[in-house]
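>>> Predicted model and sequence below, questions to follow.
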Amino acid sequence: MKLKLQLVLALASAGLFANNAIAQNAKVSSIEGTTPFGPATQYRTWSIGVGAGVTNQTNIAGFNRADYEDLAWNLGYSAYIKKQISPSFGIKASYFGGKTGGAFKDGTQSFEAKTPWSAALSGEFQAANTNWRFFNSFIKPYASIGVGVMNSKTTLTTGSTSQEADGISKIYVPLDMGFKFAVAKGINFELGYQLNWVNQNFDGIQGGQYKNDLFTYIHGGLEFALGNGSKPALNNSNPVATLVNDYTLKYDDLKAQNDALNAKNQALQNQLDGLNSDLKDDDGDGVANKYDKCPGTPSGVQVDGAGCPIVVKNETRVVEKVVVTEADRKVVADAIKNLEFDLGKATIRPTSYATLNKVAELLIEKNFSLKLAGHTDNTGSRELNMRLSKERAESVKAYLVSQGANASRIEAIGYGPDQPIASNKTADGRQQNRRVEFTLY
(Lines give C-alpha, C1' and ligand atoms only; values in the text may rest on other atoms or scores of the structure.)
Protein backbone atom coordinates (compact mmCIF):
# COMPACT_ATOMS: atom_id res chain seq x y z
CA MET A 1 0.00 0.00 0.00
CA LYS A 2 2.88 2.37 0.75
CA LEU A 3 4.29 1.93 -2.77
CA LYS A 4 0.83 2.35 -4.26
CA LEU A 5 0.37 5.64 -2.39
CA GLN A 6 3.76 6.89 -3.58
CA LEU A 7 2.78 6.08 -7.17
CA VAL A 8 -0.48 8.02 -6.88
CA LEU A 9 1.35 11.04 -5.43
CA ALA A 10 3.99 10.92 -8.19
CA LEU A 11 1.41 10.92 -10.99
CA ALA A 12 -0.61 13.66 -9.28
CA SER A 13 2.53 15.81 -9.00
CA ALA A 14 3.30 15.26 -12.70
CA GLY A 15 -0.25 16.33 -13.56
CA LEU A 16 0.02 19.53 -11.51
CA PHE A 17 3.36 20.32 -13.11
CA ALA A 18 1.85 19.80 -16.56
CA ASN A 19 -1.08 22.10 -15.84
CA ASN A 20 1.31 24.79 -14.59
CA ALA A 21 3.49 24.50 -17.70
CA ILE A 22 0.42 24.65 -19.93
CA ALA A 23 -0.95 27.72 -18.19
CA GLN A 24 2.31 29.65 -18.51
CA ASN A 25 2.87 28.83 -22.20
CA ALA A 26 6.54 28.59 -21.26
CA LYS A 27 7.97 26.34 -23.95
CA VAL A 28 6.99 27.90 -27.24
CA SER A 29 9.96 26.35 -29.05
CA SER A 30 8.72 22.83 -28.24
CA ILE A 31 5.70 23.24 -30.51
CA GLU A 32 6.15 22.49 -34.17
CA GLY A 33 4.05 23.86 -37.02
CA THR A 34 4.09 25.22 -40.55
CA THR A 35 1.55 26.96 -42.81
CA PRO A 36 -1.91 27.11 -41.17
CA PHE A 37 -4.46 24.78 -42.80
CA GLY A 38 -1.66 23.21 -44.88
CA PRO A 39 -1.73 19.56 -46.05
CA ALA A 40 -0.33 16.70 -43.96
CA THR A 41 2.53 16.36 -46.47
CA GLN A 42 4.12 19.40 -44.81
CA TYR A 43 4.67 17.32 -41.67
CA ARG A 44 6.35 14.15 -40.48
CA THR A 45 3.44 11.83 -39.65
CA TRP A 46 5.23 8.60 -38.72
CA SER A 47 6.97 8.00 -35.40
CA ILE A 48 8.41 5.16 -33.35
CA GLY A 49 8.61 4.76 -29.61
CA VAL A 50 10.54 2.58 -27.15
CA GLY A 51 10.00 2.24 -23.44
CA ALA A 52 10.67 0.23 -20.30
CA GLY A 53 9.20 0.07 -16.83
CA VAL A 54 7.70 -2.19 -14.17
CA THR A 55 4.60 -4.39 -14.01
CA ASN A 56 2.30 -5.21 -11.11
CA GLN A 57 -1.22 -6.51 -10.57
CA THR A 58 -2.28 -3.55 -8.49
CA ASN A 59 -3.87 -0.41 -9.97
CA ILE A 60 -4.52 3.11 -8.76
CA ALA A 61 -8.22 2.94 -9.71
CA GLY A 62 -8.85 0.16 -7.18
CA PHE A 63 -10.96 -2.06 -9.43
CA ASN A 64 -10.39 -5.67 -10.55
CA ARG A 65 -8.20 -6.45 -7.56
CA ALA A 66 -5.81 -9.35 -8.00
CA ASP A 67 -6.42 -12.85 -6.60
CA TYR A 68 -3.02 -12.59 -4.88
CA GLU A 69 -2.23 -10.24 -2.01
CA ASP A 70 1.57 -10.09 -2.13
CA LEU A 71 2.29 -8.56 -5.55
CA ALA A 72 5.77 -8.37 -7.05
CA TRP A 73 7.26 -5.67 -9.27
CA ASN A 74 8.83 -7.00 -12.46
CA LEU A 75 10.44 -5.67 -15.62
CA GLY A 76 8.41 -4.77 -18.71
CA TYR A 77 9.43 -3.31 -22.06
CA SER A 78 7.57 -1.98 -25.07
CA ALA A 79 7.82 -0.48 -28.53
CA TYR A 80 5.43 0.94 -31.09
CA ILE A 81 5.10 2.55 -34.50
CA LYS A 82 2.49 5.26 -34.96
CA LYS A 83 0.79 7.03 -37.86
CA GLN A 84 -0.42 10.52 -36.91
CA ILE A 85 -3.77 11.23 -38.56
CA SER A 86 -4.19 14.74 -37.12
CA PRO A 87 -2.30 16.83 -34.55
CA SER A 88 -4.41 15.32 -31.77
CA PHE A 89 -5.06 11.76 -32.97
CA GLY A 90 -2.95 8.87 -34.20
CA ILE A 91 -3.13 5.10 -34.66
CA LYS A 92 -0.30 2.96 -33.30
CA ALA A 93 0.73 -0.69 -33.48
CA SER A 94 2.44 -1.62 -30.23
CA TYR A 95 4.50 -4.47 -28.78
CA PHE A 96 4.81 -5.40 -25.09
CA GLY A 97 6.92 -8.02 -23.34
CA GLY A 98 7.97 -8.83 -19.78
CA LYS A 99 6.67 -10.76 -16.80
CA THR A 100 4.22 -10.36 -13.90
CA GLY A 101 4.11 -12.15 -10.58
CA GLY A 102 2.50 -12.42 -7.15
CA ALA A 103 1.84 -14.71 -4.18
CA PHE A 104 -0.54 -15.36 -1.30
CA LYS A 105 0.52 -13.74 1.95
CA ASP A 106 0.74 -17.13 3.68
CA GLY A 107 3.21 -18.29 1.04
CA THR A 108 1.20 -21.33 -0.01
CA GLN A 109 1.00 -20.35 -3.67
CA SER A 110 2.64 -17.98 -6.13
CA PHE A 111 2.70 -17.37 -9.87
CA GLU A 112 4.90 -15.85 -12.53
CA ALA A 113 3.46 -15.03 -15.97
CA LYS A 114 5.96 -14.44 -18.73
CA THR A 115 4.85 -12.45 -21.75
CA PRO A 116 7.18 -13.18 -24.65
CA TRP A 117 5.19 -10.90 -26.93
CA SER A 118 1.97 -9.07 -27.47
CA ALA A 119 0.67 -6.96 -30.35
CA ALA A 120 -2.11 -4.38 -30.19
CA LEU A 121 -3.66 -1.70 -32.38
CA SER A 122 -4.66 1.46 -30.46
CA GLY A 123 -6.02 4.93 -31.05
CA GLU A 124 -4.10 7.65 -29.23
CA PHE A 125 -5.48 11.10 -28.36
CA GLN A 126 -3.35 14.10 -27.28
CA ALA A 127 -5.35 16.78 -25.45
CA ALA A 128 -2.72 19.52 -25.75
CA ASN A 129 -2.79 19.49 -29.56
CA THR A 130 -6.49 20.25 -29.98
CA ASN A 131 -7.53 22.63 -27.20
CA TRP A 132 -6.62 26.32 -27.21
CA ARG A 133 -6.28 26.16 -23.43
CA PHE A 134 -3.18 23.99 -23.97
CA PHE A 135 -1.65 26.45 -26.46
CA ASN A 136 2.12 26.00 -26.79
CA SER A 137 2.29 23.48 -23.94
CA PHE A 138 5.57 21.70 -23.31
CA ILE A 139 3.77 18.85 -21.54
CA LYS A 140 0.95 17.14 -23.40
CA PRO A 141 -1.52 14.77 -21.69
CA TYR A 142 -2.34 11.71 -23.78
CA ALA A 143 -4.57 8.62 -23.58
CA SER A 144 -4.90 5.56 -25.81
CA ILE A 145 -7.04 2.46 -25.91
CA GLY A 146 -6.91 -0.52 -28.19
CA VAL A 147 -7.25 -4.25 -28.61
CA GLY A 148 -4.70 -6.92 -29.38
CA VAL A 149 -3.36 -10.42 -28.78
CA MET A 150 -1.08 -11.31 -25.87
CA ASN A 151 0.99 -14.47 -25.64
CA SER A 152 1.68 -15.55 -22.05
CA LYS A 153 3.13 -18.55 -20.25
CA THR A 154 2.31 -18.93 -16.53
CA THR A 155 4.24 -20.93 -13.91
CA LEU A 156 2.17 -21.77 -10.81
CA THR A 157 4.05 -22.74 -7.63
CA THR A 158 2.21 -24.50 -4.78
CA GLY A 159 4.45 -25.22 -1.84
CA SER A 160 7.60 -26.63 -3.37
CA THR A 161 5.92 -27.83 -6.56
CA SER A 162 6.01 -25.71 -9.70
CA GLN A 163 3.87 -26.34 -12.75
CA GLU A 164 4.37 -24.49 -16.01
CA ALA A 165 1.27 -24.15 -18.16
CA ASP A 166 1.37 -24.20 -21.91
CA GLY A 167 1.69 -20.83 -23.59
CA ILE A 168 -1.59 -19.26 -24.66
CA SER A 169 -2.46 -16.36 -26.94
CA LYS A 170 -5.56 -14.43 -25.99
CA ILE A 171 -7.21 -11.10 -26.76
CA TYR A 172 -6.32 -8.30 -24.32
CA VAL A 173 -7.27 -4.64 -23.98
CA PRO A 174 -4.56 -2.02 -23.18
CA LEU A 175 -5.55 1.39 -21.76
CA ASP A 176 -2.61 3.80 -21.58
CA MET A 177 -2.50 7.35 -20.21
CA GLY A 178 0.16 9.82 -19.19
CA PHE A 179 2.17 12.78 -20.40
CA LYS A 180 4.47 13.51 -23.34
CA PHE A 181 7.31 15.99 -22.79
CA ALA A 182 8.43 17.80 -25.99
CA VAL A 183 12.15 17.77 -25.20
CA ALA A 184 13.31 18.59 -28.75
CA LYS A 185 11.99 18.99 -32.30
CA GLY A 186 10.34 15.71 -33.22
CA ILE A 187 11.32 14.02 -29.92
CA ASN A 188 9.05 13.37 -26.93
CA PHE A 189 9.83 11.85 -23.55
CA GLU A 190 6.89 9.77 -22.30
CA LEU A 191 5.75 8.98 -18.77
CA GLY A 192 2.80 6.58 -18.85
CA TYR A 193 0.54 4.35 -16.79
CA GLN A 194 -1.00 1.40 -18.67
CA LEU A 195 -3.80 -0.94 -17.58
CA ASN A 196 -4.01 -4.30 -19.36
CA TRP A 197 -7.14 -6.47 -19.19
CA VAL A 198 -6.03 -10.01 -19.98
CA ASN A 199 -7.52 -13.54 -19.93
CA GLN A 200 -8.74 -15.14 -16.68
CA ASN A 201 -5.96 -17.75 -16.67
CA PHE A 202 -3.17 -15.16 -16.73
CA ASP A 203 -2.38 -15.61 -13.01
CA GLY A 204 -2.84 -19.39 -13.07
CA ILE A 205 -6.11 -19.39 -11.16
CA GLN A 206 -9.04 -20.50 -13.26
CA GLY A 207 -12.46 -19.26 -12.23
CA GLY A 208 -11.06 -16.74 -9.78
CA GLN A 209 -12.92 -13.87 -8.16
CA TYR A 210 -12.81 -11.67 -11.25
CA LYS A 211 -13.87 -12.31 -14.84
CA ASN A 212 -10.60 -10.93 -16.28
CA ASP A 213 -7.17 -10.58 -14.80
CA LEU A 214 -5.59 -7.14 -14.82
CA PHE A 215 -2.03 -5.89 -14.53
CA THR A 216 -0.42 -2.46 -14.79
CA TYR A 217 2.63 -1.33 -16.68
CA ILE A 218 4.26 1.88 -15.40
CA HIS A 219 6.74 3.03 -17.99
CA GLY A 220 8.92 5.76 -19.40
CA GLY A 221 10.34 6.07 -22.90
CA LEU A 222 11.14 8.15 -25.96
CA GLU A 223 9.19 8.86 -29.13
CA PHE A 224 11.02 9.84 -32.34
CA ALA A 225 9.42 11.34 -35.46
CA LEU A 226 10.52 9.67 -38.69
CA GLY A 227 11.26 11.34 -42.00
CA ASN A 228 12.86 14.56 -43.23
CA GLY A 229 14.21 16.45 -40.21
CA SER A 230 13.48 19.81 -41.87
CA LYS A 231 9.75 19.11 -41.58
CA PRO A 232 7.87 19.60 -38.28
CA ALA A 233 6.30 16.63 -36.54
CA LEU A 234 2.51 16.50 -36.71
CA ASN A 235 2.26 14.91 -33.24
CA ASN A 236 3.95 18.01 -31.76
CA SER A 237 1.88 20.51 -33.74
CA ASN A 238 -0.85 22.65 -32.23
CA PRO A 239 -3.08 24.20 -34.97
CA VAL A 240 -3.85 27.23 -32.80
CA ALA A 241 -0.16 27.79 -32.06
CA THR A 242 0.68 27.45 -35.76
CA LEU A 243 -2.03 29.92 -36.75
CA VAL A 244 -1.02 32.49 -34.13
CA ASN A 245 2.67 32.11 -35.00
CA ASP A 246 1.91 32.68 -38.69
CA TYR A 247 -0.19 35.74 -37.83
CA THR A 248 2.55 37.10 -35.55
CA LEU A 249 5.24 36.74 -38.22
CA LYS A 250 3.07 38.51 -40.81
CA TYR A 251 2.16 41.23 -38.31
CA ASP A 252 5.84 41.81 -37.45
CA ASP A 253 6.69 42.01 -41.17
CA LEU A 254 3.90 44.49 -41.88
CA LYS A 255 4.89 46.54 -38.83
CA ALA A 256 8.50 46.69 -40.03
CA GLN A 257 7.35 47.83 -43.49
CA ASN A 258 5.06 50.43 -41.93
CA ASP A 259 7.85 51.74 -39.69
CA ALA A 260 10.18 52.00 -42.69
CA LEU A 261 7.50 53.86 -44.67
CA ASN A 262 6.88 56.26 -41.78
CA ALA A 263 10.61 56.95 -41.52
CA LYS A 264 10.79 57.64 -45.27
CA ASN A 265 7.77 59.96 -45.09
CA GLN A 266 9.36 61.81 -42.18
CA ALA A 267 12.58 62.25 -44.16
CA LEU A 268 10.59 63.67 -47.09
CA GLN A 269 8.70 65.96 -44.73
CA ASN A 270 11.99 67.23 -43.29
CA GLN A 271 13.27 67.84 -46.83
CA LEU A 272 10.07 69.70 -47.71
CA ASP A 273 10.33 71.81 -44.56
CA GLY A 274 13.89 72.67 -45.57
CA LEU A 275 12.75 73.72 -49.04
CA ASN A 276 10.00 75.86 -47.54
CA SER A 277 12.54 77.60 -45.37
CA ASP A 278 14.97 78.15 -48.28
CA LEU A 279 12.28 79.60 -50.57
CA LYS A 280 10.90 82.07 -48.05
CA ASP A 281 11.37 85.77 -48.83
CA ASP A 282 11.07 87.42 -45.43
CA ASP A 283 11.92 90.95 -46.59
CA GLY A 284 9.77 90.77 -49.75
CA ASP A 285 12.50 91.95 -52.12
CA GLY A 286 11.95 89.14 -54.62
CA VAL A 287 15.10 87.20 -53.64
CA ALA A 288 14.69 83.98 -51.64
CA ASN A 289 16.30 83.83 -48.21
CA LYS A 290 18.72 81.15 -49.44
CA TYR A 291 20.24 83.59 -51.98
CA ASP A 292 19.59 86.87 -50.14
CA LYS A 293 22.95 88.31 -49.00
CA CYS A 294 21.26 91.45 -47.64
CA PRO A 295 18.29 90.29 -45.54
CA GLY A 296 15.94 92.86 -44.11
CA THR A 297 15.95 95.17 -47.15
CA PRO A 298 13.26 97.87 -46.68
CA SER A 299 10.11 97.51 -48.74
CA GLY A 300 10.22 99.14 -52.21
CA VAL A 301 14.01 99.24 -52.45
CA GLN A 302 15.34 97.96 -55.77
CA VAL A 303 17.81 95.09 -55.26
CA ASP A 304 20.19 93.03 -57.35
CA GLY A 305 20.25 89.21 -57.71
CA ALA A 306 21.96 88.87 -54.31
CA GLY A 307 19.16 90.81 -52.59
CA CYS A 308 21.30 93.91 -51.98
CA PRO A 309 20.10 97.48 -52.74
CA ILE A 310 21.09 98.96 -56.12
CA VAL A 311 22.57 102.44 -56.04
CA VAL A 312 20.94 104.45 -58.87
CA LYS A 313 22.99 107.34 -60.23
CA ASN A 314 21.37 110.38 -61.71
CA GLU A 315 22.22 110.13 -65.38
CA THR A 316 20.60 110.61 -68.68
CA ARG A 317 19.52 107.28 -70.03
CA VAL A 318 19.17 106.66 -73.75
CA VAL A 319 16.54 104.10 -74.54
CA GLU A 320 17.65 101.94 -77.37
CA LYS A 321 15.66 99.38 -79.26
CA VAL A 322 16.65 95.88 -78.21
CA VAL A 323 17.59 93.62 -81.13
CA VAL A 324 18.05 89.90 -80.45
CA THR A 325 20.02 88.21 -83.22
CA GLU A 326 20.13 84.54 -84.22
CA ALA A 327 23.62 84.31 -82.72
CA ASP A 328 22.21 85.59 -79.41
CA ARG A 329 19.43 83.00 -79.51
CA LYS A 330 21.99 80.24 -80.20
CA VAL A 331 23.97 81.23 -77.09
CA VAL A 332 20.79 80.91 -75.03
CA ALA A 333 19.75 77.67 -76.73
CA ASP A 334 23.14 76.11 -75.95
CA ALA A 335 22.79 77.14 -72.30
CA ILE A 336 19.34 75.56 -72.11
CA LYS A 337 20.56 72.37 -73.77
CA ASN A 338 23.51 71.96 -71.38
CA LEU A 339 21.73 73.03 -68.19
CA GLU A 340 21.71 70.20 -65.60
CA PHE A 341 20.79 70.06 -61.91
CA ASP A 342 21.44 67.46 -59.21
CA LEU A 343 18.53 65.02 -58.93
CA GLY A 344 15.62 66.54 -57.02
CA LYS A 345 17.67 69.67 -56.13
CA ALA A 346 18.38 73.17 -57.46
CA THR A 347 22.14 72.74 -57.44
CA ILE A 348 23.61 73.49 -60.92
CA ARG A 349 26.13 70.92 -62.11
CA PRO A 350 29.59 72.25 -63.09
CA THR A 351 29.16 70.94 -66.64
CA SER A 352 26.63 73.76 -67.21
CA TYR A 353 28.93 76.64 -66.17
CA ALA A 354 30.63 77.21 -69.56
CA THR A 355 27.43 77.89 -71.54
CA LEU A 356 25.91 79.93 -68.67
CA ASN A 357 29.04 82.11 -68.66
CA LYS A 358 28.39 82.96 -72.31
CA VAL A 359 24.82 83.98 -71.44
CA ALA A 360 26.17 86.23 -68.66
CA GLU A 361 28.64 87.84 -71.11
CA LEU A 362 25.78 88.42 -73.57
CA LEU A 363 23.62 90.08 -70.90
CA ILE A 364 26.52 92.35 -69.88
CA GLU A 365 27.57 93.22 -73.41
CA LYS A 366 24.14 93.99 -74.85
CA ASN A 367 22.32 94.91 -71.63
CA PHE A 368 19.57 92.43 -72.42
CA SER A 369 16.78 91.55 -70.02
CA LEU A 370 16.18 87.88 -69.33
CA LYS A 371 13.18 85.92 -68.10
CA LEU A 372 13.90 82.54 -66.48
CA ALA A 373 10.90 80.18 -66.29
CA GLY A 374 11.30 76.93 -64.27
CA HIS A 375 9.11 73.93 -65.13
CA THR A 376 8.74 70.35 -63.79
CA ASP A 377 6.85 67.19 -64.67
CA ASN A 378 3.83 66.05 -62.62
CA THR A 379 5.73 63.51 -60.48
CA GLY A 380 5.21 64.24 -56.76
CA SER A 381 3.01 66.85 -55.13
CA ARG A 382 2.17 70.07 -56.94
CA GLU A 383 3.34 72.15 -53.99
CA LEU A 384 6.78 70.56 -54.05
CA ASN A 385 7.08 70.94 -57.84
CA MET A 386 6.11 74.63 -57.70
CA ARG A 387 8.82 75.30 -55.16
CA LEU A 388 11.44 73.24 -56.96
CA SER A 389 10.81 75.03 -60.28
CA LYS A 390 11.04 78.43 -58.60
CA GLU A 391 14.22 77.45 -56.77
CA ARG A 392 15.93 76.24 -59.95
CA ALA A 393 15.08 79.47 -61.79
CA GLU A 394 16.44 81.47 -58.82
CA SER A 395 19.58 79.33 -58.82
CA VAL A 396 20.28 80.18 -62.49
CA LYS A 397 19.64 83.89 -61.80
CA ALA A 398 22.03 83.83 -58.85
CA TYR A 399 24.76 82.23 -60.96
CA LEU A 400 24.39 84.76 -63.79
CA VAL A 401 24.50 87.62 -61.27
CA SER A 402 27.63 86.10 -59.75
CA GLN A 403 29.20 86.37 -63.21
CA GLY A 404 28.42 90.11 -63.43
CA ALA A 405 24.91 90.17 -64.94
CA ASN A 406 22.50 92.89 -63.80
CA ALA A 407 20.08 91.29 -61.30
CA SER A 408 17.40 93.90 -61.99
CA ARG A 409 17.20 92.72 -65.59
CA ILE A 410 16.68 89.04 -64.68
CA GLU A 411 13.28 87.70 -63.67
CA ALA A 412 12.97 84.19 -62.14
CA ILE A 413 9.56 82.49 -62.07
CA GLY A 414 8.50 78.92 -61.24
CA TYR A 415 5.50 77.34 -63.01
CA GLY A 416 5.80 73.81 -61.61
CA PRO A 417 3.93 71.22 -63.69
CA ASP A 418 1.35 73.68 -65.08
CA GLN A 419 2.91 74.27 -68.54
CA PRO A 420 4.04 70.92 -69.97
CA ILE A 421 5.40 70.75 -73.50
CA ALA A 422 5.08 66.95 -73.77
CA SER A 423 3.04 64.12 -72.26
CA ASN A 424 3.86 63.20 -68.66
CA LYS A 425 2.79 59.60 -69.37
CA THR A 426 6.19 58.68 -70.82
CA ALA A 427 9.71 58.97 -69.41
CA ASP A 428 10.83 60.98 -72.47
CA GLY A 429 7.90 63.35 -72.09
CA ARG A 430 8.62 63.90 -68.41
CA GLN A 431 12.28 64.58 -69.22
CA GLN A 432 11.26 67.32 -71.70
CA ASN A 433 8.93 68.91 -69.14
CA ARG A 434 11.75 69.25 -66.56
CA ARG A 435 13.37 72.45 -67.94
CA VAL A 436 14.29 76.11 -67.39
CA GLU A 437 13.34 78.39 -70.33
CA PHE A 438 15.43 81.49 -71.16
CA THR A 439 13.69 84.42 -72.88
CA LEU A 440 15.79 87.43 -74.03
CA TYR A 441 14.15 90.82 -74.53
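Here it is on my side, so go on.
>>> Ramachandran angles for the closest residue to E391 other than its chain neighbours?
Spatial nearest neighbour of E391, chain neighbours left out: A346 (4.0 Å); criterion: Cβ to Cβ, 6 or more residues apart in numbering. (Each C-beta comes from the backbone N, C-alpha and C, glycine too.) The phi/psi pair for A346 (degrees, to the nearest 10) reads phi -110, psi 20.
>>> Isn't A346 up against Y399?
No. Counting by Cβ atoms under 8 Å, A346 stays clear of Y399, with 10.7 Å between them.
>>> which of the two has more neighbours?
A346 (24 against 19; other Cβ atoms under 10 Å).
>>> which residues of the protein fall in strands?
All strands of the chain, identified by DSSP state E, fall at 46-56, 70-72, 74-86, 89-103, 109-126, 139-158, 161-164, 168-184, 187-198, 213-225, 370-375, 410-416, 435-440.
>>> as a whole number, average confidence for the fourth one?
Averaging pLDDT along strand 89-103 yields 96.
>>> Could you do stretch 255-267 as well?
88.
>>> ok, and what's touching that stretch?
Outside stretch 255-267, not one residue touches it by Cβ atoms under 8 Å, 6 or more residues apart in numbering.
>>> what's the spacing between it and its chain's center?
Centroid separation for stretch 255-267 versus its chain: 18 Å, with Cα atoms, centre = their mean, to the nearest Å.
>>> And A61, how close does it get to R382?
83 Å (Cβ to Cβ, to the nearest Å).
>>> what residue ranges in the stretch 51-200 of the chain are flagged as low confidence?
Applying pLDDT under 70 to the stretch 51-200 of the chain flags residues 63-66, 130-136.
>>> Now do the spatially most central residue of the chain, the pLDDT please.
Compute the mean C-alpha point of the chain, and by Cα atoms, centre = their mean the closest residue is L249, 2.3 Å away. The model reports L249 with a pLDDT of 72.
>>> just the helices in the stretch 301-441 of the chain please.
Taking DSSP state H, counting those that start in this stretch, the helices of the stretch 301-441 of the chain run over residues 326-338, 353-366, 382-402, 427-433.
>>> Tell me the helices and strands packed up against the shortest one.
Under the contact definition 3 or more Cβ pairs under 8 Å, 6 or more residues apart in numbering; DSSP states H and E, helix 427-433 sits against no other helix or strand.
>>> what sits up against it?
H375, T376, D377, N378, T379, P417, P420, I421, A422, S423, N424.
>>> residues near the fourth one, how many?
If you count neighbours by other Cβ under 10 Å, N378 ends up with 15.
>>> Can we start the residue count at 51 from this point?
Will do, 51 is the new start, and the previous item becomes N428.
>>> I'd guessed it sits against P467; true?
Yes. Counting by Cβ under 8 Å, P467 is a contact partner of N428 at 4.3 Å.
>>> Now the common contact residues for those two.
N435, N474, N483.
>>> Mind checking which of those are buried?
When the shared contacts of N428 and P467 are checked for burial by 16 or more other Cβ atoms under 10 Å, the buried set is N435, N483.
>>> Pick out whichever of the shared contacts of N428 and P467 sits closest to P137.
Closest to P137 out of these is N474 (56.6 Å), distances taken as Cβ to Cβ.
>>> what sits against the closest one?
N474 touches D427, N428, T429, P467, R480, N483, counting by Cβ under 8 Å, 6+ apart.
>>> isn't A385 right up against F488?
Yes. Counting by Cβ under 8 Å, A385 touches F488, with 6.3 Å between them.
>>> Common neighbours of the two, please.
What both A385 and F488 touch, as defined by Cβ under 8 Å, 6+ apart, is the set V409.
>>> quick one: Q92 and K281, what's the gap?
7 Å.
>>> mind checking how far A404 is from N388?
With Cβ to Cβ as the criterion, A404 and N388 are 8 Å apart.
>>> Neighbour count: those two, which is higher?
For A404 and N388, the more surrounded residue by other Cβ under 10 Å is N388, and the numbers stand at 14 against 11.
>>> That one contacts T405, doesn't it?
Yes. Counting by Cβ under 8 Å, T405 is a contact partner of N388 at 4.5 Å.
>>> Tell me how far P359 lies from L241.
Distance of P359 to L241, computed by Cβ to Cβ: 96 Å.
>>> what's the answer for I360, then?
Counting by Cβ to Cβ, the gap from I360 to L241 is 98 Å.
>>> Kindly report the same for S219.
The spacing between S219 and L241, counted by Cβ to Cβ, is 30 Å.
>>> Of the two, which one has the most company?
Using other Cβ under 10 Å as the criterion, S219 and L241 rank with L241 on top: 19 against 14.
>>> That one touches V233, doesn't it?
No. Under the criterion of Cβ under 8 Å, L241 makes no contact with V233, lying 11.8 Å away.
>>> which parts of stretch 472-482 are buried?
Buried, per 16+ other Cβ under 10 Å, within stretch 472-482: R480.
>>> Out of the contacts of N474, which comes closest to L245?
Using Cβ to Cβ, the contacts of N474 come closest to L245 at T429, 77.9 Å.
>>> now F391, which residues is it bridged with?
Using DSSP bridges, the bridge partners assigned to F391 are I398.
>>> Could I get the contacting residues of it?
Going by Cβ under 8 Å, 6+ apart, F391 touches T397, I398, R399, R442, S445.
>>> give me that answer again for 7 Å
Contacts for F391 (Cβ atoms under 7 Å, 6 or more residues apart in numbering) come out as T397, I398, R399, R442.
>>> Pick out the most distant pair among those residues.
R399 and R442 (11.8 Å).
>>> Looking at the two, which is more packed in?
When neighbours are counted by other Cβ under 10 Å, R399 and R442 differ, and R442 comes out ahead with 25 against 12.
>>> Quick check: pLDDT value at the more buried one.
Reading off the model, R442 has pLDDT 91.
>>> what's near enough to touch it?
F391, A396, G424, V486.
>>> And the closest residue in space to Q453 that isn't next to it in sequence, how far from F488?
Excluding the flanking residues, the one nearest Q453 by Cβ to Cβ, 6+ apart is A410, at 3.7 Å. Distance check for A410 against F488: by Cβ to Cβ, it reads 12 Å.
>>> picking that back up, got the contact list for the residue nearest to E441?
L438, E441, R442, S445.
>>> And it, how far from T429?
Computed with Cβ to Cβ, the distance linking A396 and T429 is 16 Å.
>>> got it, and N456?
35 Å.
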